[in-house]
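[1] kindly generate the corresponding structure for this input.
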Amino acid sequence: MESRIPLPTDNIYKFYALFGLLLFVFSFGAAIVNNYSTNDQIFEIVVELETLKSLPNPNAVDVVKKGVLERKLEIVKSDKQFYKYAVAAIVAIATLMMLFGFERWHKQIQPLQDEVAKLQLEKLRAEIQELKSARPKRSK
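    Now for the predicted structure:
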């Protein structure tokens with residue numbers, strides 16, 4: 001049993017729209033994971049840093065460790081900002097892809113597909129009518 005969901009790629013605009021939607025949804029997941037993981041790192045660093053700051057007579061290793069932790073805290077905060085902007089850029093690209101794809105799909109492709117379906121239906125009705133009229137009638 002195959003459980004993957006096939007993406008319809010019968011036209012490029014539908015692909016743009018659905019891929020943009022997929023990016024949009026996963027971007028929110030990425031934002032949540034980024035926020036959670038960086039907050040977790042910050043909490044751990046702050047606890048350890050405050051423990052080192054509370055030492056009455058820190059030795060040389062503690063002083064170096066404190067400096068490293070302060071720098072690590074700056075880096076984690078900087079990375080969090082970068083990832084936030086990166087996810088925002090992906091959300092913007094995804095939104096543009098969705099808008100472009102859905103608009104073109106709705107206004108260019110779908111009317112043609114609707115017209116083809118309508119013409120096929122008319123053709124089938126005409127063929128059925130022709131078959132009914134060509135069939136000899138049974139007498140009782």
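[2] next secondary structure after the helix or strand that contains Phe19?
    According to DSSP states H and E, Phe19 maps onto helix 12-53. Next in sequence after helix 12-53, counting helices and strands by DSSP H and E, comes helix 60-104.
[3] figure out how far that following helix is from the centre of its chain.
    Counting by C-alpha atoms, centre = their mean, to the nearest Å, helix 60-104 is centred 17 Å from the centre of its parent chain.
[4] so which elements touch that helix?
    Under the contact definition 3 or more C-beta pairs under 8 Å, 6 or more residues apart in numbering; DSSP states H and E, helix 60-104 sits against helix 12-53. Where you see a C-beta, it was placed from the backbone N, CA and C, and this is true even at glycine.
[5] just checking, what packs against the helix it packs on?
    Counting by 3+ C-beta pairs under 8 Å, 6+ apart, helix 12-53 packs on helix 60-104.
[6] hang on, the earlier thing: pLDDT of the helix holding Phe19, averaged?
    Helix 12-53 shows a mean pLDDT of 91.
[7] angle of it against helix 60-104?
    If you take axes from the mean of the first three to the mean of the last three C-alpha atoms, to 10 degrees, helix 12-53 sits at 160 degrees to helix 60-104.
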